[in-house]
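1. Got a predicted model here, sequence first, then my questions.
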Amino acid sequence: MTVIATPKLRIANVALRFRSRGGVPVTALENISLDVEDKEFSVIVGPSGCGKTSLLRLVAGLIEPTEGAISLDDARISGPGKDRGMVFQSYTLFPWLTVQDNVEFGLRIAGIPAAQRRETAKRFIAQVGLNGFERLYPKQLSGGMMQRVALARALANDPAILLMDEPFGALDSQTRSLMQELLLDIWQASHKTVLFITHDIDESILLGDRVYVMTARPGRIKEMVQIGLPRPRTVDMLTSDAFIAIKRRIMHSIHEEAMRSVATERPAADG
Amino acid sequence: MASFLDAYATPKKDIPRRAYLTVSTLVAAAILALWCALSYGGLVRSDFLPTPDEVVTAAINGIADGSLLVNTSVSVTEIMSGFVIASVFAVPLGILMGSFKIAEAALEPVTNFVRYLPVSALIPLLILWVGIDIEEKISVIFIGTFFQQLILIADVSRGVSQDLLDVSYTLGANRRTVVARVLVPATLPGVMDTLRVTLGWAWTYLVVAELVAANKGLGYFILNSMRGLFTDQIFLGIMVIGLLGLITDQVFKLLRNWLLPWAAG
């Protein structure tokens, strides 16, 4: 039996078009092709309005592409499912559930027995450093803590790939750094396949094995940058020469795009 | 002087609790004092403005002969029946209307038409259809609250974040689970607030309902007192309604904090 190496996630020639409210046809994404390998941390970085959130929602199955196909483990994606766990930029904890019950949500739907559910949830709550917070409600937590719970909730479901849509975008810079370190630790321990979206170049380099730079309107992949920085990574690397060299390259690439998008003066509709 | 202005004239700034209570008490006392001055001082004829002690006497008499209790319980029964029936239908329909376009298409145009009709204009029709007994009062309160509840609850449902539903799908939930376990619980605080506000409105429709063809109830009591120029009884009726409104409002507040501790505060 021959094993043909297929990527974990394959996005092939995807385009997304729709009509805006005024009836104007909009091409949000065009000719997007990228592969995410198993156990790889891929990051998409791009200016606001480039359609990167739409791309992640396509992978999640929350919207459908106009053209092209997306497949996970060779199976075509046709709707949302628990094999693609997602962490949103906005706070999406269920306010009426405690931390414990939030993390158990997916397991409960899947019909996992209570004892096992509790044990699994406890493990992931511990992993995101929230031991002792199990019985609190979301409104009693800070923004960073809520995103930790959201991460634990997604991980507890053991998804094949973890989709992260600017999950630290709403946090202050200190909290954001802590969350990046936490995510690096978790990834180092689990080697989960991750597709991560951000507009923060530092974040993309620090976290990613590969960084895809996206263009604005219509969103296209401009280039792919392989991040050769050694792992495990720490935030100290942010000031290393190797890091800065990569950053310069990506900044330049994004800057070109931003200038182009300002020059064409087309209003951006979404993130 | 500047420091006084800083402390009390800065928008949104908290003031000491004691100052807050003092101002509240002073204003209430001032209104009472004005009432006393106007009535005891003979500045307004007692036919138009009763003295406070006349109102207290009317209350004592009303309790003693049982009429106050009977009228109050009749009104409370009417309000609660109309309000509960309206809520039982408005809550589920409102949630559907706010989150399912097909339900919105079906219900919203009709609702927007009916909710601007003055309820009092429908009373003659209601009398023809359901008579002049308690059914007419319940119908008026039902119509007065149901359509308002529907619109407000639809807004609550519409306001539930799409991301909250989307994250549930990515956690493995199907449509039914999302509606039952996410959409509905997410609307509960807003639903409770809507019920609380519309119960207040139900009290205003009570008097409208009882202005026509009633022989019991607080609205009838007020109207009947007017015919005999018993202003002390009119005042009593108004105050009882105000007091009952205040009590139900507080009960709702407590109920919300008790039932939905996660949304309290």
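-> Sure, I can see it.

2. List the single closest residue to residue 98 in space, sequence neighbours excluded.
-> Just going to use chain A. Nearest residue to residue A:98 in three dimensions, chain neighbours excluded: residue A:135, at 5.3 Å (CB to CB, 6 or more residues apart in numbering or on different chains). (Glycine included, C-beta is placed from N, CA and C.)

3. let's do chain B instead
-> residue B:157 (2.7 Å).

4. Around whichever residue of chain A sits closest to chain B, count how many other residues there are.
-> Ranked by CB to the nearest CB, the top residue of chain A for proximity to chain B is residue A:82, at 3.3 Å. When neighbours are defined as other CB atoms under 10 Å in any protein chain shown, residue A:82 has 19 of them.

5. quick one on the thing from earlier: which SSE is the residue nearest to residue B:98 in?
-> Applying DSSP states H and E as the criterion places residue B:157 in helix B:134-158.

6. Where is the longest helix in the chain?
-> You didn't say which chain, so I picked chain A. In chain A, with assignment by DSSP state H, the single longest helix is helix A:241-264.

7. other chain: chain B
-> For chain B, the longest helix by residue count, based on DSSP H, is helix B:67-99.

8. Next, count neighbours for the closest residue to residue B:159 other than its chain neighbours.
-> Setting aside the residues directly before and after it, residue B:159 is nearest to residue B:190 in space (CB to CB, 6+ apart), at 7.0 Å. Neighbours of residue B:190 under the rule other CB under 10 Å: 20.

9. For residue B:190, give me its contacts.
-> B:153, B:155, B:156, B:157, B:159 (CB atoms under 8 Å, 6 or more residues apart in numbering or on different chains).

10. who does the longest helix of chain B touch, helix- and strand-wise?
-> helix B:52-64, helix B:101-114, helix B:134-158, helix B:184-211, helix B:218-227, helix B:231-259 (3 or more CB pairs under 8 Å, 6 or more residues apart in numbering or on different chains; DSSP states H and E).

11. Which one, of these, ends up nearest to residue A:67?
-> When those are compared by CB to CB, helix B:101-114 sits nearest residue A:67, at 26.3 Å.

12. Would you mark the buried spots in the closest one?
-> B:103, B:104, B:107, B:108, B:111 (16 or more other CB atoms under 10 Å in any protein chain shown).

13. Return the per-residue confidence for the residue nearest to residue B:94 when sequence neighbours are not counted.
-> The shortest distance from residue B:94 to any non-neighbouring residue, by CB to CB, 6+ apart, is to residue B:153 (2.7 Å). Looking at residue B:153, its pLDDT reads 98.

14. Identify the residues contacting residue B:153.
-> Applying CB under 8 Å, 6+ apart, the residues near residue B:153 are B:90, B:91, B:93, B:94, B:95, B:97, B:98, B:187, B:190, B:191, B:194.

15. and the residues you listed, which two are the farthest apart?
-> With CB to CB as the measure, no two of the contacts of residue B:153 lie farther apart than B:93 and B:190, at 14.9 Å.

16. how about the residues of the stretch 101-250 of chain A near chain B?
-> Contact residues (CB under 8 Å from any CB of the partner chain) of the stretch 101-250 of chain A with chain B: A:105, A:106, A:109, A:110, A:137, A:138, A:139, A:150, A:153, A:154, A:157, A:163.

17. Tell me which residues touch the fifth one, please.
-> This points to residue A:137. A:95, A:96, A:97, A:98, A:99, B:261, B:262.

18. which of these has the most neighbours?
-> Ranking these using other CB under 10 Å puts residue A:99 first, with 27 neighbours.

19. So that one is in contact with residue A:140, correct?
-> No - applying CB atoms under 8 Å, one finds residue A:99 not in contact with residue A:140, separated by 9.0 Å.

20. Residues in contact with stretch A:126-136: which ones?
-> For stretch A:126-136, contacts defined as CB under 8 Å, 6+ apart pick out A:98-100, A:121-122, A:125, A:141, A:145, A:148-149, A:151-152, A:155, A:182, A:186, A:189.

21. quick one: which of these sit in helices?
-> By the criterion of DSSP H, membership of the contacts of stretch A:126-136 in helices covers A:99-100, A:121-122, A:125, A:145, A:148-149, A:151-152, A:155, A:182, A:186, A:189.

22. on that earlier part again, the residue nearest to residue B:159 and chain A: what is the separation?
-> The gap separating residue B:190 from chain A is 12 Å, by CB to the nearest CB, to the nearest Å.

23. From residue B:198, how far out is that residue?
-> Applying CB to CB, to the nearest Å, the value for residue B:190 to residue B:198 is 12 Å.

24. Residue A:210 too?
-> 56 Å.

25. Residue numbers of chain B in contact with chain A?
-> B:161, B:163-164, B:166-173, B:177, B:181-182, B:185-186, B:188, B:260-263, B:265.

26. which of those are buried?
-> B:163-164, B:166-173, B:177, B:181-182, B:185-186, B:188, B:260, B:262-263.

27. what about the spatially closest residue to residue B:82 that is not a sequence neighbour, distance to residue B:97?
-> Once flanking residues are discounted, residue B:82 sits nearest to residue B:141: 2.8 Å by CB to CB, 6+ apart. Separation of residue B:141 from residue B:97 (CB to CB) stands at 21 Å.

28. Next, the residue of chain B found nearest chain A: secondary structure please.
-> Of all residues in chain B, residue B:172 sits closest to chain A, at 3.3 Å by CB to the nearest CB. Following DSSP: H, G, I helix; E, B strand; the rest coil, the label given to residue B:172 is coil.

29. what sits against it?
-> Counting by CB under 8 Å, 6+ apart, residue B:172 touches A:81, A:82, A:106, A:109, A:110, A:157.

30. For PyMOL, write a command that selects the buried ones of the residues you listed.
-> If you want just the buried ones from the contacts of residue B:172 in PyMOL, going by 16+ other CB under 10 Å, the selection is:
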select buried, chain A and resi 81+82+106+109+157
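
31. List the ones among the contacts of residue B:172 that fall in helices.
-> In this view, these that belong to helices under DSSP H are A:106, A:109.

32. got the contact list for the lowest-mean-pLDDT helix or strand in chain A?
-> Lowest by mean pLDDT, DSSP states H and E among the helices and strands of chain A is helix A:241-264, with a mean of 84. Identification of contacts with helix A:241-264 by CB under 8 Å, 6+ apart yields A:45-47, A:49-50, A:201-202, A:204-206, A:211, A:213-217, A:222-223, A:225, A:227-229, A:237, A:268.

33. Could I get the phi/psi values of residue A:26?
-> Taking degrees, to the nearest 10, you get phi -120, psi 130 for the backbone angles of residue A:26.

34. Show me what the helix or strand where residue B:21 lies packs onto, helices and strands only.
-> Residue B:21 is part of helix B:17-40 when elements are defined by DSSP H and E. Helix B:17-40 makes packing contacts with helix B:52-64 when contacts are defined by 3+ CB pairs under 8 Å, 6+ apart.

35. Report the angle between the helix it packs on and helix B:17-40.
-> For helix B:52-64 against helix B:17-40, the angle by axes from the mean of the first three to the mean of the last three CA atoms, to 10 degrees is 90 degrees.

36. Which stretches in chain A count as strands?
-> Along chain A, counting by DSSP state E, strands occupy A:9-19, A:25-36, A:41-45, A:67-72, A:75-76, A:84-87, A:161-165, A:194-198, A:210-214, A:221-226.

37. Great, nothing more from me.
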